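Trainee: task: produce atomic coordinates for the following.
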Amino acid sequence: MMIKTYIYIFIGGSIGAMLRYVLSNFHPIDNASNFPVNTLLINISGCLFITFFIKLTSNYTMFNQNISKAVTVGFLGAFTTFSTFCKETVALSSNSMFLSFIYVFLSVFLGLLASTIGAIYASHFNKYSKKIKPSHKIIKQEGDVK
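Mentor: Numbering: from 1, shown residues only. Okay, the predicted model is just below:
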C-alpha cells in the first residue's frame, strides 16, 4: 500500500525539517566569518546516521520498510540539505574563495569520514547482536513488500 509509505515519509520528513530548522538557527558562539558551521554539522551527522541506519537494518530482512523509508528518505532526507550547502558555498565565495574552498573540502571529506564511521559502528553492532539472542523479533507488517 503506497499511501501508507508516503504517510511514513511525510511524518519523518516533517520531523527532520523541523529539527534542521531549529539546529540551523542555534548560534552558541559569535560567527563573525559567517562560516556555515551549523549546516556543516547537520550534513555530517546526517551522513553518519544514514549509513549507520542502512547498514544496521540491512541484516534484518523483516525490518519494516515503511519505518526504514521514514527514517532515511523522510527524516534524514529532510534533515540534511544539499541546496543549503550550495547556497552557502556561493555566499561564502563572494566574501572569501578560501573559506568557500575550506567549506566544500570539509563537507565532502568529513561527510565521507562520517559515513565510513557509521558503517564501521553498524558492522560492530551487528557482530555483537549476533552473539546475543534477541528477546523479540522485528515483525514485518501486513502489506509490506519484500
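Trainee: going forward, measure contacts and count neighbours with C-alpha atoms only.
Mentor: OK.
Trainee: tell me the contacts of the spatially most central residue of the chain?
Mentor: Of all residues in the chain, the one closest to the mean position by C-alpha atoms, centre = their mean is Gly46, 2.6 Å from it. Gly46 sits next to Leu76, Phe79, Thr80 when contact means C-alpha atoms under 8 Å, 6 or more residues apart in numbering.
Trainee: just checking, the last one touches Leu48?
Mentor: Looking back up the chat, that one is Thr80. No: contact criterion C-alpha atoms under 8 Å: Thr80 and Leu48 do not qualify, at 11.1 Å.
Trainee: sec struct for the residue nearest to the centre of the chain, please.
Mentor: helix (DSSP: H, G, I helix; E, B strand; the rest coil).
Trainee: the strands in this protein, which residues?
Mentor: Applying DSSP state E to the chain gives no strands.
Trainee: shaky segments in this structure?
Mentor: 1, 30-33, 61, 129-146 (pLDDT under 70).
Trainee: helices of that one, residue ranges please.
Mentor: All helices of the chain, identified by DSSP state H, fall at 2-24, 37-57, 65-69, 77-79, 82-95, 97-131.
Trainee: and the fourth one, how far from the chain's centre?
Mentor: Averaging C-alpha positions (C-alpha atoms, centre = their mean, to the nearest Å) puts helix 77-79 7 Å from its chain's average.
Trainee: one more: the longest one?
Mentor: Relative to the centre of its chain, helix 97-131 is centred 11 Å away, using C-alpha atoms, centre = their mean.
Trainee: re the thing from before, which of the helices of the chain sits most buried?
Mentor: Highest mean neighbour count of the helices of the chain: helix 77-79, a mean of 22 (counted as mean count of other C-alpha atoms under 10 Å).
Trainee: packing partners of it?
Mentor: In this structure, helix 77-79 makes packing contacts with helix 2-24, helix 37-57, judged by 3 or more C-alpha pairs under 8 Å, 6 or more residues apart in numbering; DSSP states H and E.
Trainee: tell me the angle of the last one relative to helix 97-131?
Mentor: To tie it back to what came earlier, the one meant is helix 37-57. Interaxial angle, helix 37-57 versus helix 97-131 (axes from the mean of the first three to the mean of the last three C-alpha atoms, to 10 degrees): 30 degrees.
Trainee: before we move on, the earlier item: reformat the helices and strands packed on helix 77-79 as JSON lines; add distance to Phe109.
Mentor: Formatted as JSON lines, the helices and strands packed on helix 77-79 follow (distance: least, C-alpha to C-alpha, whole Å):
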{"stretch": "helix 2-24", "distance to Phe109": "21"}
{"stretch": "helix 37-57", "distance to Phe109": "9"}
